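Engineer: need the 3D shape of this:
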Amino acid sequence: MEVIENKRFIYEFGKFVLNPYEKTLYSDGSAIHLPAKEFETLLLLVKNNGRAMAKDEMMSAIWHDAFVEESNLAKQISRLRKILNADGDELIKTIPKHGYRFFAELRQIESAVEAPIILEKRTVKRLTIDYESQPDSLALPPADRSVFSWRLGVVLAAAAFLAVGSAFWILKAAITKPQIKTIAVLPLRPLNGDEDGKALGLGLTDALITRLGSLNRVVIRPTNAVSSFSANADASEFGRKLNVDAVFEGTIQQADGHLRINARLLRSETGQQIWADHFDEPAGGIFALQDALSLSIARALAFELNKADSDQLGHRSTQNAEAYEKYLRGRFYQSQNTPEGFEKSIGFFQQAAALDPNFADAYAGIADAHVLMFNFGVHPAKDTIPQAREAVNRALRLDPNLPDVYTSNALIQFLVDHNWPEAEKSLVHAIDLDPNSSDAFLRYGYFLICVGRFDEALEKLAKAREINPLSPIVGANEGLAYLCARRYPHAIERLERTVSENPKFAFPRWLLGSSYEAAGDKDKAFETNVSALELENGHDLADRLRQMRDKEGTDAANRFWLDDSIKRQPTGDGEISPLVIAMRAATVKDREQTLVWLEKAIDEDDTTIGGVKYLAKFDFVRDDPRFQAMATRMPY
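Structural biologist: Coordinates of the predicted model:
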């Protein structure tokens, strides 16, 4: 066996340097020689920087199989604190009824002294060459034997060097891992499957995405990028589908007053486990759980964290754990993009704000949920926008650098105030604050579609898709941009792919039907629109429409659909908007009904009315003075 020197590392934090190989702590360059057990205690804490360590775990690691009382550990901690806390910085924190956590801005420094790697090497102990016994053709004269011996020595030395060198490089290749540049983060799955666990798991996952993404060391694919996959699918399948190097997955459990997470990082290509860890904190220890999880992953990816990185990983807008949990649940329900989800999310955001009136993220959530309820047509502006404005202003006073507030404010400026320059400024500022925000790029893209800047819109949407590759909303808006730009083959290709990946999502299916219609395929357009109707629980009407189509043709079925929509609208049955009826009328080229319902949509301040300016289906009424007068009243 032979010892080959490898790299060693020492640890630096603040004014301290900890050298494990000299078993010495330095403070401002002066050596502090600690007793053996104190040094082992400090080294254990430093190596687990940021992780909450249970007392039993620490005692087992320091005293091994020996039985000692808990007071021994407390004494070690107390003495270490006197040394480390000289400047008032509490580096070792007590976790009540649990243990201790060391938390510092920690750097690993390569040591000049290297750690040994042991390699097995075969050697020749003795080599005897009998010159006299060689054949005459090989025998050397005595004068040349010294030269031969010297040359032989060089050859043997070179061979030995090459043998060791080859072994080193083989070992180096074996232990060197390909760099991880992209990671997909899957939602933490609750072991008991309840909705409360799902909400907390998704919220913690979103927070982890934000934290790791803020380091700008790897590209993080967000949680909703994988929403179209089966929850039972293999994690590496997610990774291959998203074309990422690695996938994070894990479970979360709430039991016996504790929060427990088991998590791992897998290589997408092979499914090989790169890292795994488990975390256990009291139910109120959500911050400790979050800190430990993000720091553990950062260490596993060999990130060298500076002070700014540590600040990013440890950043939080509230110190109130209960308020933070309410906020995470609000994020979960808001992400459902349903009327019920919006209402629930506002309730949780308001509870979070009540628990901590200085929690800026909670007010940002309130603002966005109200704006989205208006944009989705759930409630009119008078019932949503005043609350949204108040929440935006409160959030900005508390934290003027919160990106989400600017995307919410942009929608108000755009959809309600019709102030395009200010809306665009807000969107640009949101992206400046968070260049990894898929939502900011998505909303910017939608804004650009509505004002007719289609090429720019596609650029922003492409960036949103790069960050969030499988987002159905991004794919639908790319299709909308192509549709409004009258690039129908591109619109159809993009929307067909989005529909295929999201078969239960109606929105891109409606746009695909419009794209088929614009391209001249009225039969395919009809069937696609009817299938979208079925996804929105219109099964009875869908059956009647197909029967009409089979009996009298597509044109008759579309006329029947228009008449049925008009009958339903005054009663509110089916919640059919005037703009939808105008589009049905335009499909059958009914000039009067098209203009009547367009005017109603303008009167009701429909947020999606601007698309009428670009869609080819309205070309047949563009020469009508009534349409031209309405066009001047359209917001964009």
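
Engineer: let me see the contact set for the closest residue to residue 104 other than its chain neighbours.
Structural biologist: Closest residue to residue 104 apart from its sequence neighbours, by CB to CB, 6 or more residues apart in numbering: residue 13 at 4.0 Å. Just so you know, the C-beta spots here come from the backbone N, C-alpha and C atoms, and that holds for glycine as well. Residues in contact with residue 13 (CB atoms under 8 Å, 6 or more residues apart in numbering) are 46, 91, 104-107.

Engineer: what's around the closest residue to residue 449 other than its chain neighbours, how many residues?
Structural biologist: Closest residue to residue 449 apart from its sequence neighbours, by CB to CB, 6+ apart: residue 457 at 4.6 Å. Neighbours of residue 457 under the rule other CB atoms under 10 Å: 25.

Engineer: how about residue 90?
Structural biologist: Residue 90 - counted by other CB under 10 Å - has 10 other residues nearby.

Engineer: contacts only, for it.
Structural biologist: Residue 90 touches residue 81, counting by CB under 8 Å, 6+ apart.

Engineer: can we see that at 10 Å?
Structural biologist: The contact partners of residue 90, taken as CB atoms under 10 Å, 6 or more residues apart in numbering, are 81, 84, 103.

Engineer: just residue 550 next, same as before
Structural biologist: Residues near residue 550 by CB under 10 Å, 6+ apart: residue 557.

Engineer: residues of the one helix or strand it maps to that come out buried?
Structural biologist: Using DSSP states H and E, the element containing residue 550 is helix 539-552. Neighbour counts over helix 539-552 (16 or more other CB atoms under 10 Å) mark 541-542, 545, 548-549 as buried.

Engineer: how about stretch 628-636?
Structural biologist: Residues of stretch 628-636 classed as buried by neighbour count (16+ other CB under 10 Å): 630, 634-636.

Engineer: now, which of these lie within strands?
Structural biologist: Using DSSP state E, no member of the buried residues of stretch 628-636 falls in strands.

Engineer: export the residues you listed to JSON lines and tack on pLDDT and distance to residue 25?
Structural biologist: Converted to JSON lines, the buried residues of stretch 628-636 look like this (pLDDT from 0 to 100; distance: CB to CB, whole Å):
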{"residue": "630", "pLDDT": "92", "distance to residue 25": "78"}
{"residue": "634", "pLDDT": "85", "distance to residue 25": "71"}
{"residue": "635", "pLDDT": "77", "distance to residue 25": "67"}
{"residue": "636", "pLDDT": "72", "distance to residue 25": "65"}
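
Engineer: so can I have CSV of the residues you listed showing distance to residue 359?
Structural biologist: Converted to CSV, these look like this (distance: CB to CB, whole Å):
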residue, distance to residue 359
630, 44
634, 39
635, 34
636, 34
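
Engineer: narrow these to those in helices?
Structural biologist: Per DSSP state H, helices hold the following members of the buried residues of stretch 628-636: residue 630.

Engineer: pick the one among the buried residues of stretch 628-636 closest to residue 481.
Structural biologist: residue 636 (14.6 Å; CB to CB).

Engineer: just give me the neighbour total for the spatially closest residue to the closest one that is not a sequence neighbour.
Structural biologist: Spatial nearest neighbour of residue 636, excluding adjacent residues (CB to CB, 6+ apart): residue 610 at 4.4 Å. Counted with other CB under 10 Å, the neighbours of residue 610 add up to 17.

Engineer: tell me if residue 610 really is in a strand.
Structural biologist: No: checked against DSSP: H, G, I helix; E, B strand; the rest coil, residue 610 lies outside a strand; its state is helix.

Engineer: contact partners for it?
Structural biologist: 415, 449-452, 484, 634-636.

Engineer: cool, and residue 581?
Structural biologist: Counting by CB under 10 Å, 6+ apart, residue 581 touches 561-562, 565-566, 568-569, 593-594, 596-598, 600-601.

Engineer: tell me the gap between the host helix or strand of residue 530 and the middle of its chain.
Structural biologist: Using DSSP H and E, residue 530 sits in helix 522-535. Centroid separation for helix 522-535 versus its chain: 34 Å, with CA atoms, centre = their mean, to the nearest Å.

Engineer: and what of stretch 369-385?
Structural biologist: 27 Å.

Engineer: buried residues in that stretch?
Structural biologist: 369-375, 378, 381, 384-385.

Engineer: give me the next element, helix or strand, following the helix holding residue 550.
Structural biologist: helix 554-568.

Engineer: quick check: next helix or strand after that following helix?
Structural biologist: Remark: after helix 554-568, the chain's next helix or strand is helix 578-587, criterion DSSP H and E.

Engineer: so that following helix versus helix 554-568, what angle?
Structural biologist: 150 degrees (axes from the mean of the first three to the mean of the last three CA atoms, to 10 degrees).

Engineer: just the CA coordinates of helix 578-587, formatted as PDB?
Structural biologist: This file holds the C-alpha atoms of helix 578-587, laid out as PDB (Å, rounded to 0.1, in the frame of the first residue of the first chain):
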ATOM      1  CA  PRO A 578     -70.700  38.700 -24.000                       C
ATOM      2  CA  LEU A 579     -67.300  38.400 -25.600                       C
ATOM      3  CA  VAL A 580     -67.700  34.600 -25.900                       C
ATOM      4  CA  ILE A 581     -71.100  35.100 -27.600                       C
ATOM      5  CA  ALA A 582     -69.600  37.700 -29.900                       C
ATOM      6  CA  MET A 583     -67.000  35.100 -31.000                       C
ATOM      7  CA  ARG A 584     -69.700  32.500 -31.600                       C
ATOM      8  CA  ALA A 585     -71.500  35.100 -33.700                       C
ATOM      9  CA  ALA A 586     -68.300  35.800 -35.600                       C
ATOM     10  CA  THR A 587     -67.900  32.100 -36.300                       C
END
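
Engineer: hmm, which helix or strand of the protein has the shakiest average pLDDT?
Structural biologist: Within the chain, no helix or strand scores below helix 142-175, which has a mean of 43 by mean pLDDT, DSSP states H and E.

Engineer: of the contacts of residue 610, which pair is most distant in space?
Structural biologist: Going by CB to CB, the pair spanning the contacts of residue 610 furthest: 415 and 484, at 17.1 Å.

Engineer: measure the residue nearest to residue 636 to residue 431 for me?
Structural biologist: Per CB to CB, to the nearest Å, residue 610 is found 22 Å from residue 431.

Engineer: over to residue 617?
Structural biologist: From residue 617 across to residue 431, the span is 33 Å (CB to CB).

Engineer: comparing these two, which residue is more hemmed in?
Structural biologist: It is residue 431, of residue 617 and residue 431, that has more neighbours when counted by other CB under 10 Å, with 20 against 17.

Engineer: confidence score at that one?
Structural biologist: You'll see residue 431 listed with a pLDDT of 94.

Engineer: quick one: which helix or strand includes it?
Structural biologist: Counting by DSSP H and E, residue 431 is part of helix 420-433.

Engineer: buried residues, that helix. List them.
Structural biologist: Within helix 420-433, the residues that count as buried by 16+ other CB under 10 Å are 423-424, 426-427, 429-431, 433.

Engineer: quick one on the thing from earlier: and the buried residues of stretch 628-636, which is closest to residue 518?
Structural biologist: Distances from residue 518 to the buried residues of stretch 628-636, taken as CB to CB, are shortest for residue 634 (19.8 Å).

Engineer: I figured the closest one hits residue 613, correct?
Structural biologist: Yes: with contact defined as CB atoms under 10 Å, residue 634 reaches residue 613; the gap is 6.4 Å.

Engineer: what's the most distant pair in the buried residues of stretch 369-385?
Structural biologist: Using CB to CB, the pair of these lying farthest apart is 369 and 381, separated by 14.6 Å.

Engineer: thanks a lot, catch you later.
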